[in-house]
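Q: quick one, structure for this:
(2 chains, ligands or ions: 1)
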Amino acid sequence: MPDVTARKDVQTLPTVEGDLWAEFRQVERLTLSLTQTYTHTLGKYSRFFIELENRRFMATHCETCDQVYAPPRPLCPQCLKPTVWLELSGTGTLKTFSVLHFSPGSNADVRSLATPYIFAYVLLDGASTLFPHLLRAPLEQVKSGMRVQVAYGDSPVEHPIHLMYFVPAE
Amino acid sequence: MTRLPVIAGVGMTRFAADRPDCNPRDLLAEAVLALLADTGMPDLKSVQHGLCSYESDHFNRQMTLAAILHDQIGLLPTPTVRVEGGGATGALALRTAWAYVQSGLCDSILVYGCETNGRGVSSQTANQLFALSADFDWEMMIGGTYTGFYAAMMRAHMEQYGTTPEQFAHVAVRNRRNAGFNPLAQKPMDITIEDVLASRPVAEPYRLLDCSLLSDGAAVILLATEEWARTNIPRFHNRPPVYFSATGCGTDTMRLGDRYPHITHFRAKRAAAQQAYQMASITDPLDQIDVAELYDSYSGVEIQAVEDLGFVPEGTGGVNVASGLFDLGGQLPVNTSGGLLGRGAPVGATGIAQAIEIALQLWGEADPRRQVAGARRGLTDTHAGIATISVVNIFERRD
Ligand SMILES: [Zn+2]
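A: Numbers count the residues shown, from 1 in each chain, chains lettered A, B, ... in the order given. Below is the predicted model of the structure:
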């Protein structure tokens, strides 16, 4: 008999009374792994990630609407004019958060996260929107309304968004 | 004669965590055979158009699935089209079909939806694929999950209005109990609020029993003009006509943070409801709607929904849900099918299954244990993401 290397199992499911599918109750299942690899561009958002390497936190500013977008938007959705880069201090206020007890394992950085971790929404000083990122702090100290700031890591990362995270403000 | 579509027939599989004997096309075959039994049609040769409803090429492991499914159920060479809108896919598909019939493009259209979100996909892969439906570089890559986004919204709701875990646990208990009265539901459970509060935390404040199900399943609805249905559907005369009377759709930013300061509510859902209510001349939804299927992807989301749909004032969803207002026997029973928490949620079929439940209720054909007596008008609420795309559809019995 030839070997079916992906075979997980073959089973015969029970038939039911008057089974319409009695001819089709033998079921074979395979374990297949599909890998997808991309050249993923950070596009017009690239400067945000590049400046994280310089320990600078960048937003974009619409000078027409006076909106400050963090995460950045190259195009203001209100007036459809291109924005300009603006550096923020990196301090801000925690507005809401969740304590995650499992990691989706989206990439190598996320797979290495210890659970539980705090998924935080921060209103950076000078910004109009909330910036989502991890907050590294003892759970019992975390409260909506607390002051936080951007911290920059030194460890190697896969995705440059992990060059930063939030910590309680000094 | 009006071109407002009627529900000419329905069919669905039981929703299940795992169907090793079925790929998506096998699931659809079962739903279509159920439609034939429902309508008395021998086949689908009279149907003029198809509309395919599924979310994910990745979960189904097939692109251009619409063509394969269309062939599977004998609709070749009639036209078809695929509609995708995340979690709202099924409801958006019905809304699109509504417009196809209203426009005169066709007099009959089969909306067919299926998805294999169940155990055939490893939980790690499922999490990654669902994370792809978040904003890739800004949410997914830092370990964001939809459970987490919803949980952060619920925390803000709790802090602003005093909503409690006991209140949203009420939803988790009631919808799973309702599922026990629905033979096609995936996971009926007889549990208590204490069981929910004692289940393991997943993304606080949400716990395991606050979370809805991953499912394999299929569902179909045949929409048509009343004239076409009277001519082509043998069993149509046996039932009171149920019209798909109104539809609304709203949108919002994908990232919760971009909605600041409005992070406790679903703006898109409010917009969708407003459009649908205007179309259906509804001014007091709590009074004028008899039964509703709400998008309970997480228990607390139903509390947000009853506020955003205008059933109760903003901030009072928790108290009103816990009072039993939306339970069987209450003023406006919701999720009589069991909802996403108890009946299950194969994404492309979910919105269609919600509409099937409303049709059964309006026809008076639901299991007597969950039938809402005298129901004449019903609503479905379905959304993608954290209500990034939101659809409200309204159905009315007119006899
Ligand atoms: Zn602008």
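
Q: going forward, measure contacts between C-alpha atoms and count neighbours the same way
A: Noted.

Q: what's near enough to touch B:Ala34?
A: For B:Ala34, the contacting residues are B:10-13, by Cα atoms under 8 Å, 6 or more residues apart in numbering or on different chains.

Q: that's a helix at it, yeah?
A: Yes: with DSSP: H, G, I helix; E, B strand; the rest coil as the criterion, B:Ala34 is part of a helix.

Q: using CSV, write out the CA atom coordinates for the strand or helix carrying B:Thr247.
A: In this assignment (DSSP states H and E), B:Thr247 forms part of strand B:242-251. This file holds the C-alpha atoms of strand B:242-251, laid out as CSV (Å, rounded to 0.1, in the frame of the first residue of the first chain):
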residue,chain,number,x,y,z
VAL,B,242,-43.3,37.5,5.2
TYR,B,243,-41.8,40.5,3.5
PHE,B,244,-38.2,41.7,3.8
SER,B,245,-39.5,45.1,4.4
ALA,B,246,-36.5,47.3,5.3
THR,B,247,-32.7,47.3,5.5
GLY,B,248,-30.0,49.7,6.8
CYS,B,249,-26.2,49.7,6.8
GLY,B,250,-23.7,51.8,8.7
THR,B,251,-19.9,51.9,8.9
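
Q: that strand packs against which elements?
A: Packed against strand B:242-251, as judged by 3 or more Cα pairs under 8 Å, 6 or more residues apart in numbering or on different chains; DSSP states H and E, are the following elements: strand B:6-12, helix B:267-279, helix B:347-363, strand B:389-397.

Q: which strands and helices lie in contact with the second one?
A: This points to helix B:267-279. Packing contacts for helix B:267-279, counted by 3+ Cα pairs under 8 Å, 6+ apart, involve strand B:242-251, helix B:299-308, strand B:389-397.

Q: same check, this time on the first one
A: The elements that strand B:6-12 packs onto, with contact taken as 3+ Cα pairs under 8 Å, 6+ apart, are helix B:24-39, strand B:216-224, helix B:226-232, strand B:242-251, helix B:347-363.

Q: most tightly packed of these?
A: Among the helices and strands packed on strand B:6-12, ranked by average contacts under mean count of other Cα atoms under 10 Å in any protein chain shown, first place goes to strand B:216-224 (a mean of 31).

Q: so that one versus helix B:24-39, what angle?
A: Strand B:216-224 and helix B:24-39 are oriented at 40 degrees to each other (axes from the mean of the first three to the mean of the last three Cα atoms, to 10 degrees).

Q: helices or strands up against strand B:216-224?
A: Using 3+ Cα pairs under 8 Å, 6+ apart as the contact criterion, the neighbours of strand B:216-224 among helices and strands are strand B:6-12, helix B:24-39, helix B:89-103, strand B:108-116, helix B:347-363.

Q: out of these, flag the one nearest the ion.
A: helix B:89-103 (30.5 Å; Cα to the ion).

Q: for the closest one, which outside residues touch it?
A: Residues external to helix B:89-103 that are found in contact with it (Cα under 8 Å, 6+ apart): B:3-5, B:51-55, B:83-85, B:106-109, B:111, B:113, B:223-225, B:244, B:247, B:347-352, B:380, B:382, B:384, B:391-393.

Q: off-centre distance for it?
A: In terms of Cα atoms, centre = their mean, to the nearest Å, the centre of helix B:89-103 is found 14 Å from the chain centre.

Q: ok, A:Glu140 - how many residues close by?
A: A total of 6 residues lie near A:Glu140 under the criterion other Cα atoms under 10 Å in any protein chain shown.

Q: now it: how far from chain B?
A: Counting by Cα to the nearest Cα, to the nearest Å, the gap between A:Glu140 and chain B amounts to 13 Å.

Q: and that residue, which of the three is it?
A: At A:Glu140 the chain is in helix, as set by three-state DSSP.

Q: go on, A:Tyr165?
A: Assigned state for A:Tyr165: strand (three-state reduction, three-state DSSP).

Q: for the residue of chain B found nearest the ion, give me its contacts.
A: For chain B, the nearest residue to the ion under the criterion Cα to the ion is B:Asp258, separated by 14.2 Å. Applying Cα under 8 Å, 6+ apart to B:Asp258 gives the contacts A:129-130.

Q: roughly how far apart are it and B:Thr145?
A: In this view, B:Asp258 and B:Thr145 are 17 Å apart by Cα to Cα, to the nearest Å.

Q: do A:Ile161 as well
A: Distance, A:Ile161 to B:Thr145, using Cα to Cα: 16 Å.

Q: these two: which is more packed in?
A: Applying other Cα under 10 Å to A:Ile161 and B:Thr145 shows that B:Thr145 carries more neighbours, namely 26 against 19.

Q: how about the helices in chain A?
A: In chain A, helices defined by DSSP state H lie at A:46-52, A:108-111, listed in chain order.
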